[in-house]
Structure formats: C-alpha cells, structure tokens
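>>> next come a sequence and a model predicted from it.
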Amino acid sequence: MQINESIKLYREAIELHPFDRVDYSASFYNLANALVSRYRAEQEPPDIHEAIALHRKALKTRVPGHSERSKSLCDLAYALWSRYRCEDDVSDIREAVKLHRETLALRPPGHPERSTTLNNLGYALNARYTRERERSDLHEAIKIYRDALELRPAGHRGRSVVLLNLAQTLRTRYECENNHAIIRESIKFHCEALELSSRKRLPETSGTLNNLANTLYDLYKAEHRASDIRESVRLYRLSLRMRPPPHPGRLTVLVNLANALKSRYKQDGNKPDICEAIGLYQEALNFHPPDHVDRPSGLQNIANALWFRYEHEHVKDSTDIADAIQLLRNVLSARPPGHPDREATLKNLAGALKSRYKYERNHQDKREAVELFDEARKNYNNANQVGD
C-alpha cells in the first residue's frame, strides 16, 4: 500500500537526519500524519499512540514563535481526538480542546485558517460536552460555530460543513432545554446545508437528509403537526435510497424511518405505516447476527412494534402479541441478572403479557406478568442499595 511505503520512507528520513538539522521536526511531523492516516483506515492502536508521541516531539522543537507551531498544535489535537473516539479516554479530548485553543490564539482574525480552527475547536467542545455534560461547552461550541459561519459566507466551499455542525449542536441544545426556537433554527441551518450538498451532489447528502429528518421528527414530537412527520418520513426515504445494501449507514436510517412510521401510525391509524415499520425493523436486524451485542435491541424494536399494532388495531391479531412475547423472552434471555437493561426488559415483557391478558383473559399471562413486575421491582431495590 502507498501509505505503508510513505511510512517506511519517513522512518528512513528520521534515521538519516541528525537531530540538529532544521528539517528534523518535519520528519517527525510527516511520519506522525502518515501514521494517523493509516490508523483512520486500519484502526490499529499502536499507530495512533506512536503518532501522538511523534507529534509531541515535533511540537517540542517548534517552540513559541516557530512558523509551523500552529500546524503541530492542530495536528496533535486531531490525533488526540482520533484516539479519544476509539479509546474514550477523557484526558485526550480535554487536551485536544486546550490545543485547539492555543492554535486559535496563533490564528487571529484575518488568518486564512481561522475558520477551520474555529470549526475544529467547536467539534472538540461538542465531543467533550457529550462526555462530561458541561452546558458551558455546548454554549461555547454554538458561539464558535456561529463565528466560523461568518467567515464562510454564501459561496464558500466549506460553508456546508459548519452549517451541519451548528445545526447538530443546536439540536443537542434543544434536547437539553426544550426551546422550540432552538430546534427551528437547527432546521433552518439543516435546510441550507441540504440545499448546498444537493446542488453540489456531495457524498454527505444522505447524512444531511437523515439529520434534517431527525430534527423535524423532534419538532413533531413537541408540537404534533402532521406536516412535520410527513416531511420527516419523506426525507428518511430519500436518505435510505442513497444508502442501498450493504451501505454501513443504512442501519441508522432503517431504524429512524421505522420509528417515524410507528409515530405516524399512532397519530393517523394508517395500518400500512406500522406494517412497513415492522418490515424495516426486521431488515435492520440483519445487520446484527445472533452473537452481536446490539441484537437484543433489534429484537426488542420488532417486539414493541408488533405489540403496538396489536394494541391499536380494532381486530386483534393474536399472532402479533404471541410473536412479540416470544421475542421479548429472547431479549430477556440475553440480559441475565446484573445486566443494566434487565429491569426494563422485565417490565416490557410483563406489559406485553398484561396486554394479552386484557383481551384474551389467560390467567397464566396475568400470573407471569405479576411475577415479572415483582422481579423488576426487586432489581430496582437491589440496584439502589448497591448505589447507596
């Protein structure tokens, strides 16, 4: 591979250069970036660890005042963020934020890379917020993205990236504050980003469609306007068409579209919606083979949709609730005592049994539901005692 050959040559260059040569730091820097590129492709931890160590060496030689210092700061921050995404060590994202701030100080207003640095800092703050839930990080990320957007006016080739980041961060803030003005602003920026990506036929168009659909779905859940759920479903369908099997992002859109159709069925009672939702959940399950960690969640989605259809249809189909109960039993088997989701699964299965008892009056269902609710209550009490 070309990247392996580049890494080999950079290693040879380091061996050839005496430490007092001016281009020694460049050799560290170039090898580090090549290792980061290979890490992104192959996800081998030794590559990212070595890259970070090399970036630190390069930065040590690029003291304050060095013309290349800001590049070293920026790329070390990126390498730390890359490692954080896989290893989840909070110290990496904290250091990345600090380094992006230092980079920004070296790229004042008027610097050609200022908007990129603002965007990078916003991204790192957003990632730290996701981990530590400090609201100040979220608010600062929004302000920084707004500053970056001002530096990328209409026609700027990098405008759509900042629009998406700002729109998504506003959506995150809406989830915390439930302010409808915030979600509407997020929708506005998503719409502009979608217009830009569609016009240029950018590869991220399917993701932008999905993100806009998510935001409209949020608004629908808050305000229950039929037009919002209709548009959300339409956009999910468009996104799904752009992610044919075996596209790695197809699973996300399958589940999102199924969730939206299930919600629309609850509002309109249109049976084809819930039938399609069940089919989509079943397709999504194909992404999770029997030993996959997320397979129980996929089974639960199907079970809940079948149960939902059983509850809401005037003519009850006993196979729906029977299949739902069997699937929930399978989920429970995959979540033994001590599993964090066992309590919720116990309640879910008990609820489905209670629902069948309500319509079919099988007393065995009632007895089992009571036993399951009792076990769920004991699980809750034990967990609280451990927490105390």
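Nice, I can see it.
>>> for stretch 143-157, buried residues please.
Residues of stretch 143-157 classed as buried by neighbour count (16 or more other Cβ atoms under 10 Å): Ile144, Tyr145, Asp147, Ala148, Leu149, Leu151, Arg152. C-beta: built from backbone N, CA, C; applies to glycine.
>>> next one: stretch 61-69
Buried positions in stretch 61-69, judged by neighbour count with 16+ other Cβ under 10 Å: Thr61, Arg62, Arg69.
>>> and the end-to-end length of that stretch?
Using Cα to Cα, to the nearest Å, the end-to-end distance of stretch 61-69 comes out at 9 Å.
>>> turn the buried residues of stretch 61-69 into JSON lines, columns for pLDDT, distance to Gln43 and secondary structure.
Formatted as JSON lines, the buried residues of stretch 61-69 follow (pLDDT from 0 to 100; distance: Cβ to Cβ, whole Å; DSSP: H, G, I helix; E, B strand; the rest coil):
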{"residue": "Thr61", "pLDDT": "91", "distance to Gln43": "29", "secondary structure": "helix"}
{"residue": "Arg62", "pLDDT": "93", "distance to Gln43": "28", "secondary structure": "coil"}
{"residue": "Arg69", "pLDDT": "96", "distance to Gln43": "29", "secondary structure": "helix"}
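>>> may I see these arranged in JSON lines, with distance to Lys221 as well?
Output for the buried residues of stretch 61-69, formatted as JSON lines (distance: Cβ to Cβ, whole Å):
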{"residue": "Thr61", "distance to Lys221": "54"}
{"residue": "Arg62", "distance to Lys221": "50"}
{"residue": "Arg69", "distance to Lys221": "48"}
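>>> next step: the buried residues of stretch 143-157 restricted to helices.
The helices, defined by DSSP state H, take in Ile144, Tyr145, Asp147, Ala148, Leu149 from the buried residues of stretch 143-157.
>>> out of these, who's nearest Leu99?
Of all those, Leu99 sits closest to Ile144, with 14.8 Å by Cβ to Cβ.
>>> which strands or helices does the particular helix or strand that has Ser82 in it pack on?
Under the criterion of DSSP states H and E, Ser82 resides in helix 69-87. Contact here means 3 or more Cβ pairs under 8 Å, 6 or more residues apart in numbering; DSSP states H and E; on that basis helix 69-87 packs against helix 24-42, helix 45-61, helix 90-105, helix 114-132.
>>> show me the longest helix that occurs in this protein.
helix 363-387.
>>> and which of the buried residues of stretch 143-157 is nearest to Leu164?
Nearest to Leu164 out of the buried residues of stretch 143-157 is Tyr145 (Cβ to Cβ; 9.6 Å).
>>> can you pull the contacts of Glu87?
Glu87 makes contact with Pro45, according to Cβ atoms under 8 Å, 6 or more residues apart in numbering.
>>> that older thread, list the buried residues of the longest helix of the chain.
For helix 363-387, burial by neighbour count (16+ other Cβ under 10 Å) applies to Asp365, Glu368, Ala369, Leu372, Phe373, Glu375, Ala376, Asn379.
>>> farthest-separated two in those?
Largest separation among the buried residues of helix 363-387 by Cβ to Cβ: Asp365 and Asn379, giving 20.9 Å.
>>> hey, C-alpha coordinates of stretch 163-180 in PDB?
Output in PDB follows, covering the C-alpha atoms of stretch 163-180 (Å, rounded to 0.1, in the frame of the first residue of the first chain):
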ATOM      1  CA  LEU A 163     -23.800  24.600   8.800                       C
ATOM      2  CA  LEU A 164     -24.200  21.000   9.600                       C
ATOM      3  CA  ASN A 165     -22.100  21.200  12.800                       C
ATOM      4  CA  LEU A 166     -24.000  24.300  14.000                       C
ATOM      5  CA  ALA A 167     -27.400  22.700  13.200                       C
ATOM      6  CA  GLN A 168     -26.500  19.400  15.000                       C
ATOM      7  CA  THR A 169     -25.200  21.300  18.100                       C
ATOM      8  CA  LEU A 170     -28.300  23.400  18.200                       C
ATOM      9  CA  ARG A 171     -30.300  20.100  18.100                       C
ATOM     10  CA  THR A 172     -28.300  18.800  21.100                       C
ATOM     11  CA  ARG A 173     -29.000  22.100  23.000                       C
ATOM     12  CA  TYR A 174     -32.700  21.700  22.200                       C
ATOM     13  CA  GLU A 175     -32.600  18.200  23.800                       C
ATOM     14  CA  CYS A 176     -31.400  19.900  27.000                       C
ATOM     15  CA  GLU A 177     -33.500  23.000  27.000                       C
ATOM     16  CA  ASN A 178     -36.700  22.100  25.000                       C
ATOM     17  CA  ASN A 179     -36.800  25.600  23.500                       C
ATOM     18  CA  HIS A 180     -38.800  25.400  20.200                       C
END
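>>> residues making contact with it?
Stretch 163-180 has contacts (Cβ under 8 Å, 6+ apart) with 119, 122-123, 126, 129-130, 135, 138-139, 141-142, 145-146, 149, 182-183, 185-187, 189-190, 192-193, 196, 204, 207-208, 211, 214-215, 218-219, 222-223.
>>> any of the residues you listed buried? List them.
The neighbour-count test (16+ other Cβ under 10 Å) marks 119, 122-123, 126, 129, 138, 141-142, 145, 149, 182-183, 185-187, 189-190, 192-193, 196, 207-208, 211, 214-215, 218-219 as buried among the contacts of stretch 163-180.
>>> restricted to helices, list those residues.
If you go by DSSP H, the buried ones among the contacts of stretch 163-180 have 119, 122-123, 126, 129, 138, 141-142, 145, 149, 182-183, 185-187, 189-190, 192-193, 196, 207-208, 211, 214-215, 218-219 in helices.
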